[in-house]
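> Fold the following.
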Amino acid sequence: MDVHPPPRPGQPSYGPPPGTPTSKGSGLSDVRLRNPLSIVLIAVIVIGSATAGLLASELYFCHRAESVVAAATECVVQDKASVSFGATPLLLQLATGRYRNISIHTAGNRIGNARGMKADVRIDDVRLDGDADAMGTVGALDAVITWSADGIKQSIQDAITPLRGLVTGVQTNPDDGTIKLQGNLGSVTTKPQVTDGRVALQVVDVTGLGLLLPSEMVQSALDAFTTHLTENYRLDIHADSVQITDDGVTAHYSSRDTSIPRGNQGNQGNQGNQGNKDNQDPCFAGL
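Alright, predicted model coming up:
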């Protein structure tokens, strides 16, 4: 083993070669610590990667949620629907279990058997924390339903047997709040009213059809028609008001603190009362 003698007095000593680590740290560490730009860049990269991950998750879950709610709506109304959530990030809503400010818009082709009917719905405070009887609750639901005059005509021609073939046009009159069902043999004037949470068509006058169709028969047919249109509305939705416009009818519907039926994996095409048996509804099976 070689032993280097200590340097003679007056002879310079020799330090470690350049680049050799010392107790004070390496030269590379000194460079890093003396360069704040490197630290900032590393922080930006980390924060950017995390933000990109959160954004990707937000987009995925938002698209998934919108698709699920749209599918349930389309099953109920039998028409295309679009859904959007509010400004609150969906990931935060998922974490809290409360969903706010959901907007739903249907295409306007039909709602069930009512042709030419469109719904613009706003839902707030949805909680999917249900039990064996229900999936959860809806705090508030408000819907504006518009029904075009041409859609009213088509729906009556399809559904009301006594008037089938007799109604050739529908004229709305906002001044007196009436709807006139016009035909080649006469006309029936009705006045929409909210009765027991439903919009009913009250017969005001029958002209030219009195011998063929007494007003009592027309009223009975219209009552059966409007009842059939609304008997399968979900979530305990009820009518609050109705207004006649120049080209149709606009009604406001709402519900508060209602239960969401538990989904049934059965046939989603069944829209009758069977779908609501034991609080089961096939349209909510995907929620």
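> partners of M117 in the sheet?
Taking DSSP bridges as the rule, M117 bridges to W147.
> Double-check it against V144; I have them as touching.
No: applying Cβ atoms under 8 Å, one finds M117 not in contact with V144, separated by 11.3 Å. C-beta: built from backbone N, CA, C; applies to glycine.
> okay, these two: which has more neighbours?
The residue with more neighbours, out of M117 and V144, is M117; 25 against 13, by other Cβ atoms under 10 Å.
> which ones are touching that one?
By Cβ atoms under 8 Å, 6 or more residues apart in numbering, M117 lies in contact with 108, 110-111, 145-148, 151.
> Out of the residues you listed, who's the most crowded?
The most crowded member of the contacts of M117, judged by other Cβ under 10 Å, is W147 (27 neighbours).
> Is it correct that it is in contact with V249?
Yes: between W147 and V249 there is a contact at 4.6 Å, judged by Cβ under 8 Å.
> what about L94, neighbour count?
So L94, with other Cβ under 10 Å, has 15 neighbours.
> again with T195
12.
> next one: phi and psi at it?
According to degrees, to the nearest 10, the main-chain angles of T195 amount to phi -130, psi 120.
> who does it bridge with?
R198.
> heads up, I number from 35, so please use that
Got it, first residue is 35 now, which makes that one T229.
> Tell me which residues of the host helix or strand of A153 come out buried.
When elements are assigned from DSSP states H and E, A153 belongs to strand 151-161. Under the neighbour-count criterion of 16 or more other Cβ atoms under 10 Å, strand 151-161 has 151-153, 155, 157, 159-160 buried.
> got a markdown table for those, with pLDDT and distance to K225 too?
Formatted as a markdown table, those follow (pLDDT from 0 to 100; distance: Cβ to Cβ, whole Å):
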| residue | pLDDT | distance to K225 |
| --- | --- | --- |
| M151 | 92 | 19 |
| K152 | 94 | 22 |
| A153 | 93 | 23 |
| V155 | 93 | 26 |
| I157 | 91 | 31 |
| D159 | 87 | 36 |
| V160 | 85 | 36 |
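> Now the two most distant members of those residues.
M151 and D159 (26.3 Å; Cβ to Cβ).
> Next one, pLDDT for the closest residue in space to G120 that isn't next to it in sequence please.
In space, and not counting its chain neighbours, G120 is closest to N135: 2.8 Å by Cβ to Cβ, 6 or more residues apart in numbering. For N135, the pLDDT comes out at 87.
> Check I278 too.
The score at I278 is 94. That number is its pLDDT.
> now the residue nearest to G120: how far from G173?
11 Å (Cβ to Cβ, to the nearest Å).
> list the residues that contact both of the two?
With Cβ under 8 Å, 6+ apart, N135 and G173 have common neighbours D158.
> S289: how many residues sit nearby?
The burial count for S289: 19, using other Cβ under 10 Å.
> so who does the residue nearest to G120 touch?
119-122, 156, 158.
> Helix or strand: which one has S275?
Assigned by DSSP H and E, S275 belongs to strand 272-279.
> Who are the packing partners of that strand?
Applying 3 or more Cβ pairs under 8 Å, 6 or more residues apart in numbering; DSSP states H and E, one finds that strand 272-279 contacts strand 203-207, strand 221-229, strand 232-241, strand 282-297.
> quick one: low-confidence ranges for the stretch 135-284 of the chain?
Scanning the stretch 135-284 of the chain for pLDDT under 70 picks out 164-166, 195-199, 243-246, 265-266.
> which residue ranges form the strands in the stretch 35-184 of the chain?
115-118, 132-133, 136-140, 144-145, 148-149, 151-161, 168-182 (DSSP state E, counting those that start in this stretch).
> and N207, which of the ones you listed is closest to it?
Nearest to N207 among those is strand 168-182; the distance by Cβ to Cβ comes to 15.1 Å.
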